[in-house]
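Q: No letters, just coordinates:
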DNA sequence: CTCCTGTGTGCATACGTATAACCAGCTTAG
DNA sequence: CTAAGCTGGTTATACGTATGCACACAGGAG
């Protein structure tokens, strides 16, 4: 390639990256030669030389959850304004997160979304100085950059809404206590009920993994305790519950009010019109991206761990209302 | 690192990759030193030396379509049995597909899913000898590896089913004619109607992009022509139509039968129970992966273009039935 | 004892780019 | 007219791994 343009290899490198020290004539000659040869600079050589790959990973374990899809989509949008590419990394079959794949030099940074509370990954990455940000979920142990919604407060909003409407037999379908979202939304909802002096007897709550089928199954169990309202710790659980109740002929919200959490796109569909606690996904992803980018550029200086907490808002749709009379 | 283990750099390389020519003692020493130092071999150096990155791209333009999500999920599963990683590549804001990103050496191969009929990408990649496979959609111009479902036949199945039930005022919501799926499903459905001597007057068909909102809007337009059945060229369109009709109080299938195409997971949900033409996504992804892997290993010899066509099947659920009397 | 063979490791080099350092030729100031 | 600066390039080198090849050493055969 350098030979074809009649210049040295470094000149090719500078010409194609627009180094201003080159003369316009030379650059033009190189660019034309490159086009004629269909030459594309090797990212392999470039990575090695610059010690950076221009790639950022998003670590997700649950691609089946539309919430993470929207996050992924939004992150892709955010990164498209940068020269960075997005790599999707998923834990392998054993559930272990790909530590080695993150630190093998093929990535400049990462956004971790489905981290579990006892994950060792953040600590290991921090120790190694690898830039990363936790999104949506956080961990207790390692101090690191985090971007989350105020889950506790969001769940309290839901509880307050149901209580305000006069519900007293309120059921709750919580998420796994191994996740910060599961734990905090449960604590918030219980706190909200507690403020109104309400209990949560065993037959009125369950914990389930954040999955559609699990939501459907647990909802049917809870239904036997005859609640007038059901809070679900995320929209997938709520949509599973919606489907299960729909299948049983239970009318929503006339017989049972239903509130979810996340406000995924599906929640707004006409057939669902799910009342839910909304997270500002673009805002969350934008903030996380900013955190990551600043950390990636400040590689030298030890930046202190930063924490961005967004405010949840309640989206009133059509799956909640006052309890049925009697 | 080599110094820490008291051996040369090539020995470290061989030890960590399990080269059998090394003595067990040396290997053990190196591995222990590597663990102590938290040493992870640089993928950057490795890529340059081996002229391969271990990364495969999946090119998708529409992450909002759950069909591609399932493809992505399935591909991830298929690749997890290989040493390959999956990179998600999306066209930029201008819609141009990232040719340079594919051939800059950071990828060993690609699976192209949302290719449009007039795309120049397959030809360009073929010419360059870059291994890739078209999945779900195909192009006319360039001969290359392809894995698709028999879209023509699938759409005929839908037409035959509706005709068999006695429908005569059948509406159709087709996809963009810039895609092979849009074109072939339209041709198949028209052919199916034609076999029964049925016409498709202008007020009974539309073309729309494969998007939820577009499906909803077009369905409402078509509704004015009072059809007793509606075929949609994919499930997203069908779900959009379902929602729109649901919003208008139209009962499905009592007043209007609805049939989709793809059989995404959502289609099986209780609230939808969408009758649809099913594609075997795991089979399709598996076949595409095989095509790609063989092409990636046979880098030298010019492999002839191969074409895998899967059979669609009809999934009878609850959105279709006989036309209303009168 | 010598020669040969096989085993295990080091040495030299290649991969393709980026970048520091250097240098030729021209311009400009003194 | 010369020294100093500027412009626009070249040369040399580094990045971290893989791999062909040379080579030391041990063991066995002749």
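A: Received it, and whenever you're ready, just let me know what you need. As the structure is a prediction and not an experimental result, all values here were calculated from the model. Numbers count the residues shown, from 1 in each chain, chains lettered A, B, ... in the order given.

Q: So what touches the helix or strand residue A:190 falls within?
A: Counting by DSSP states H and E, the secondary-structure element that holds residue A:190 is helix A:180-195. Helix A:180-195 has contacts (Cβ atoms under 8 Å, 6 or more residues apart in numbering or on different chains) with A:117, A:136-139, A:148, A:151-160, A:163, A:170, A:172, A:174-177, A:199-200, A:207, A:210, A:231, A:233-234, A:261. Yep, even glycine has a C-beta here, placed from its N, CA and C like the rest.

Q: quick one: low-confidence ranges for the stretch 1-150 of chain A?
A: Counting by pLDDT under 70, the stretch 1-150 of chain A has low-confidence residues at A:93, A:95, A:97.

Q: Enumerate the residues of chain A near DNA strand D.
A: Proximity of chain A to DNA strand D (Cβ under 7 Å from any atom of the strand) is limited to residues A:7-11, A:14, A:21-23, A:25-27, A:45, A:48-49, A:51, A:105.

Q: Repeat the analysis, applying 10 Å as the threshold.
A: Proximity of chain A to DNA strand D is assessed by Cβ under 10 Å from any atom of the strand, with A:2, A:5-15, A:19-30, A:44-51, A:104-105 identified as the residues in range.

Q: show me where the stretch 1-150 of chain A has strands.
A: Chain-ordered strands for the stretch 1-150 of chain A, with DSSP state E, counting those that start in this stretch as the definition, fall at A:55-59, A:85-89, A:109-112, A:132-135, A:146-149.

Q: What strands line up against the first one, and which way round?
A: Think strand A:55-59. Taking DSSP bridges as the criterion, strand A:55-59 sits next to strand A:85-89 (parallel), strand A:109-112 (parallel) in its sheet.

Q: can you give me the offset of that strand from its chain's centre?
A: 12 Å (Cα atoms, centre = their mean, to the nearest Å).

Q: who touches it?
A: When contacts are taken as Cβ under 8 Å, 6+ apart, the neighbours of strand A:55-59 outside the stretch itself are A:71-72, A:75, A:79, A:84-91, A:97-98, A:101-102, A:106-115, A:292, B:87, B:106.

Q: and the gap between residue A:200 and DNA strand C?
A: 59 Å (Cβ to the nearest atom of the strand, to the nearest Å).

Q: so which helix or strand takes in that residue?
A: For residue A:200, no secondary-structure element claims it when assigned by DSSP H and E, so it is in no helix or strand.

Q: Test my guess that it contacts residue A:172.
A: Yes. Here residue A:200 lies in contact with residue A:172, judged by Cβ atoms under 8 Å, at a distance of 6.3 Å.

Q: Of the two, which one has the most company?
A: With other Cβ atoms under 10 Å in any protein chain shown as the criterion, residue A:200 and residue A:172 differ in neighbour count, and residue A:172 comes out ahead with 26 against 16.

Q: for the more buried one, helix, strand, or coil?
A: Assigned state for residue A:172: strand (three-state reduction, DSSP: H, G, I helix; E, B strand; the rest coil).

Q: That one reaches residue A:237, doesn't it?
A: No. Applying Cβ under 8 Å as the test, residue A:172 and residue A:237 come out as separate, 10.3 Å apart.

Q: before we move on, back to that, and the next helix or strand past the helix holding residue A:190?
A: strand A:205-207.

Q: Contacts for that following strand, please.
A: With contact meaning Cβ under 8 Å, 6+ apart, strand A:205-207 is reached by A:171, A:172, A:173, A:174, A:175, A:176, A:177, A:182, A:186, A:218, A:221, A:222.

Q: residues contacting the nearest residue to residue A:209 once chain neighbours are set aside?
A: Closest residue to residue A:209 in three dimensions, ignoring its sequence neighbours and counting by Cβ to Cβ, 6 or more residues apart in numbering or on different chains: residue A:176, at 5.7 Å. In this structure, residue A:176 makes contact with A:116, A:182, A:207, A:208, A:209, A:210, judged by Cβ under 8 Å, 6+ apart.

Q: what's the answer for residue A:75, then?
A: By Cβ under 8 Å, 6+ apart, the residues touching residue A:75 are A:58, A:86, A:111, A:285, A:288, A:289.

Q: Counting neighbours, what do you get for residue A:96?
A: For residue A:96, the tally of surrounding residues (other Cβ under 10 Å) stands at 10.

Q: That one and chain B, how far apart?
A: Remark: distance between residue A:96 and chain B (Cβ to the nearest Cβ, to the nearest Å) = 12 Å.

Q: what's the answer for residue A:140, then?
A: Here the criterion is Cβ to the nearest Cβ. By it, residue A:140 lies 23 Å from chain B.

Q: What's the local residue count around that residue?
A: With other Cβ under 10 Å as criterion, residue A:140 counts 9.

Q: still on that earlier bit, mean neighbour count for the strands of the stretch 1-150 of chain A - can I get that in a markdown table?
A: As requested, those are exported to a markdown table (neighbours: other Cβ atoms under 10 Å in any protein chain shown):
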| stretch | mean neighbour count |
| --- | --- |
| strand A:55-59 | 23 |
| strand A:85-89 | 22 |
| strand A:109-112 | 26 |
| strand A:132-135 | 28 |
| strand A:146-149 | 24 |
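
Q: now the ones you listed as TSV including distance to residue A:303?
A: Listed next are these as TSV, based on distance: least, Cβ to Cβ, whole Å:
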stretch	distance to residue A:303
strand A:55-59	17
strand A:85-89	22
strand A:109-112	13
strand A:132-135	11
strand A:146-149	13
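
Q: Tell me which of those strands sits nearest to residue A:248.
A: Proximity to residue A:248 (Cβ to Cβ) singles out strand A:146-149 among the strands of the stretch 1-150 of chain A, at 31.7 Å.

Q: neighbouring strands for that closest one, and are they parallel or not?
A: strand A:132-135 (parallel), strand A:307-310 (parallel).

Q: want to throw those strands into CSV with distance to residue B:316?
A: CSV is the format used below for the strands paired with strand A:146-149 (distance: least, Cβ to Cβ, whole Å):
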stretch, distance to residue B:316
strand A:132-135, 41
strand A:307-310, 45
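
Q: Can you tell me which of those strands is nearest to residue A:214?
A: strand A:132-135 (22.8 Å).

Q: Please work out which residues outside the closest one touch it.
A: The set of residues external to strand A:132-135 that reach it, using Cβ under 8 Å, 6+ apart, is A:71, A:102, A:109-113, A:115, A:122, A:125, A:144-148, A:284-285, A:288, A:291-292, A:295.

Q: Stretch A:94-106 too?
A: For stretch A:94-106, the external contacting residues (Cβ under 8 Å, 6+ apart) are A:47, A:51, A:53, A:55, A:57, A:59, A:61, A:87, A:89, A:91-92, A:107, A:110, A:119, A:121, A:124-125, A:128, A:130, A:132, B:40-45, B:47, B:53, B:55, B:85.

Q: gap between the two ends of it?
A: Start and end residues of stretch A:94-106 are separated by 22 Å (Cα to Cα, to the nearest Å).

Q: Just want the phi and psi numbers for the spatially closest residue to residue A:14 that is not a sequence neighbour.
A: Spatially, and ignoring its direct neighbours in sequence, residue A:14 is nearest to residue A:22 (5.4 Å; Cβ to Cβ, 6+ apart). Here is the backbone geometry of residue A:22 (degrees, to the nearest 10): phi -90, psi 150.
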